[in-house]
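1. 3D, please:
(4 chains)
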There are 2 protein chains.
Amino acid sequence: MSDVARLAGVSIKTVSRVVNDEPAVHPETAERVVAAIEQLGFRRNLGARNLRRGSTTGTIGLIVEDVGNPFYSELNRAVERMATSFGRQVLTGSSEENSDRERELALEFCSRRVDGILVVPAGLQHGYLVPEMRAGTPVVFLDRPAGDIVADTVLVDNLGGTVEAVTHLAQQGHRRIAFLGDSPDIFTAAERLRGFREGCARNGISYDETLVTMHTPTPETVGHAVRTLLRGPGAATAVIAGNNRVAVHLLRALAHAEHRPALVSFDDFELADLLDPPVTVVAHDVSALGHAAAELLFARIQGEQSAPRKVILPVRLVPRGSGEVAP
Amino acid sequence: MSDVARLAGVSIKTVSRVVNDEPAVHPETAERVVAAIEQLGFRRNLGARNLRRGSTTGTIGLIVEDVGNPFYSELNRAVERMATSFGRQVLTGSSEENSDRERELALEFCSRRVDGILVVPAGLQHGYLVPEMRAGTPVVFLDRPAGDIVADTVLVDNLGGTVEAVTHLAQQGHRRIAFLGDSPDIFTAAERLRGFREGCARNGISYDETLVTMHTPTPETVGHAVRTLLRGPGAATAVIAGNNRVAVHLLRALAHAEHRPALVSFDDFELADLLDPPVTVVAHDVSALGHAAAELLFARIQGEQSAPRKVILPVRLVPRGSGEVAP
DNA sequence: GGACACTATGACAACGTTGTCTCAGCATGG
DNA sequence: CCATGCTGAGACAACGTTGTCATAGTGTCC
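-> Numbering: from 1, shown residues only, chains lettered A, B, ... in the order given. Below is the predicted model of the structure:
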């Protein structure tokens, strides 16, 4: 900036005035300054500006499990849209379902003085965020609640959705329904399992523990589940996949089977409707989730002081014909 | 920081020493300082630190067309991995295939003094980046080249891959092959079209313009293409989808058809192998693309001064049985 | 006992901006 | 001719850090 000032023959303050479109600069002077800026390729340092003005940094942080997972990338996109409309930029990070990494990312974001943080928590302990929140960095949890603190949270109706899935299958005549969930350490997985039990109860199906597995979905864990729950005597005739990852692994494991058992997936996924047979899903609007959370965050950033809110978004069963009893 | 200093009864410089793990601080003093930091919830302001040290900001910028697109989110993930290993964080932005937006994002990143920028360019003019690059912000273009400047670039073999796709179909006996590409303004789309012509030539198929459409893929544009190119007398017996978006729309448009024409998709996509019949694809390793570009960027960030490099990553045809002539 | 080295600490400036204050120059009005 | 007001511009401090230098205190050596 001082280089520009020297070249234009003015003080740095005048350059600052030009850069900030402040009035009270003689047009001719402004022109000289602009020319100097062009010539030198000057670009104002936003970091210094924010420091001096004590203003916000114009960034928000987003922590998800894996930015590469289509579910989270759709979330990311919705958040980005909102951020753009508020003139903010987004720092993203993947926690990899690791609470230490989550913490590291969150605190790093705080060091960078982001204006707020959106987090799909991996861990169950969030006391580390309390000082930051008290210091004025709003935090909104999404998809999963905070472990041990009260904070703004946006969730989907995991329980209700799974109940609906069970009911759908029960109505098709299924009595032996398997549930393949993600690791029970994950809130949504645990909640959906709870919904499964509840759904069984409501439909007069006795809950059979041997038809349930809860593991991080990999080809191996899901393959094993298929071999033990869906084959042999007493095999389940229908299965609920606890999330889109489980569903995809499951479909692959069943690719060469005679026929697929009836299937409902919690989470919609691309091409689910084009498989044969199409996959019935419990769909929820991921964009709406990101949108709602970001909306709440920006309200907080703008000073909204009300008590922490808990929003639960509805889900919707999309029957696609894969719930029927196999011929 | 001065609050901490006051509470601990030391100077701010000593607090700084403690925060930075500098030696020559009496353990007892350090303990007092740490206690004060805890009590006040102090967190060092990274912006101020970077300003003072003139050091890098520890961030890189990534501009893609749409962070929500699985293709780009996989890229994002690979870049993030690399960034993490270099202790950097990633600012992401979606250009929405709009060159003004791309420019805006890139310049905003520069204002934030990112250590480097990775960009999947939407526009064809990148002169605006020259001053920034001269000023020391390395830029690496990926998936598509820069429009009018010489810069580091990482691409995939669009031409070769499409030639291979045509050859594959020709070997199955197809002579009337349609090509459904994205907008010809997009480098990869144009390049793949070039590969299509080249492939036709090499296989002794005369290039038939009426079997080609190049449009931003939407249900409408792809549906129209299906109706005009794949139906009626003179219909194509095989089709090449220019990218994963086209392929998905195409599959949906053909969902209720008697049978699918033979199909090869440039870009692999999830579940392509589970459709009926499975979709043959020209696959390329998106992670490798992100990895290679980020690797190059970090080499530049660390001072590597060699001439701009152009890397072309190989692609691989994955036959899945959907190339055969329909029964 | 004085030169010397070493330890622990602080004062101060500087990073690149911008807010506040000041001031020179000029025009206006009575 | 002087008080007043306005315009355009600069000096300076401050944002929160850290690098440089200075210094007081302590111990060591001959």
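
2. so where do the strands sit in the stretch 201-327 of chain A?
-> A:212-214, A:238-241, A:262-266, A:280-283, A:310-313, A:316-318 (DSSP state E, counting those that start in this stretch).

3. near chain B at all, the third one?
-> No. No part of strand A:262-266 sits near chain B under the criterion C-beta under 8 Å from any C-beta of the partner chain; the closest distance found is 12.0 Å. C-beta coordinates here come from the backbone N, C-alpha and C atoms, glycine included.

4. same question, the fourth one
-> No. Legend: contact between strand A:280-283 and chain B by C-beta under 8 Å from any C-beta is lacking; minimum distance shown is 13.4 Å.

5. Distance from the chain centre to that strand, please.
-> Between the centre of strand A:280-283 and the centre of its chain there are 18 Å (C-alpha atoms, centre = their mean, to the nearest Å).

6. circling back: tell me which of the strands of the stretch 201-327 of chain A sits most buried.
-> strand A:238-241 (a mean of 29; mean count of other C-beta atoms under 10 Å in any protein chain shown).

7. what distance separates that one from the centre of its chain?
-> 24 Å.

8. What of stretch A:106-121?
-> With C-alpha atoms, centre = their mean, you get 15 Å for stretch A:106-121.

9. How about the residues of the stretch 151-300 of chain A by chain B?
-> A:248, A:251-252, A:255, A:269-271, A:273-276.

10. Now for A:Ser94: which residues touch it?
-> A:63-68, A:101, B:77, B:80 (C-beta atoms under 8 Å, 6 or more residues apart in numbering or on different chains).

11. Next, it: phi, psi?
-> phi -100, psi 130 (degrees, to the nearest 10).

12. ok, A:Thr59 - how many residues close by?
-> 21 (other C-beta atoms under 10 Å in any protein chain shown).

13. Verify the stated contact: it with A:Val90.
-> Yes. With contact defined as C-beta atoms under 8 Å, A:Thr59 counts as touching A:Val90 (7.1 Å).

14. who touches both of the two?
-> B:Leu91.

15. quick one on the thing from earlier: the residues of the stretch 151-300 of chain A next to chain B in helices, which ones?
-> A:248, A:251-252 (DSSP state H).

16. Export the residues you listed as TSV, with columns for distance to DNA strand C and neighbour count.
-> TSV is the format used below for those (distance: C-beta to the nearest atom of the strand, whole Å; neighbours: other C-beta atoms under 10 Å in any protein chain shown):
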residue	distance to DNA strand C	neighbour count
A:Val248	48	23
A:Leu251	54	21
A:Arg252	53	16
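
17. between these, which is closest to A:Ala262?
-> A:Leu251 (13.1 Å; C-beta to C-beta).

18. And that closest one, how far from A:Pro277?
-> Using C-beta to C-beta, to the nearest Å, we find A:Leu251 at a distance of 11 Å from A:Pro277.

19. For the nearest residue to A:Asp276 once chain neighbours are set aside, what are phi and psi?
-> Once flanking residues are discounted, A:Asp276 sits nearest to B:Asp276: 4.5 Å by C-beta to C-beta, 6 or more residues apart in numbering or on different chains. Backbone geometry at B:Asp276, expressed as degrees, to the nearest 10, gives phi -120, psi 110.
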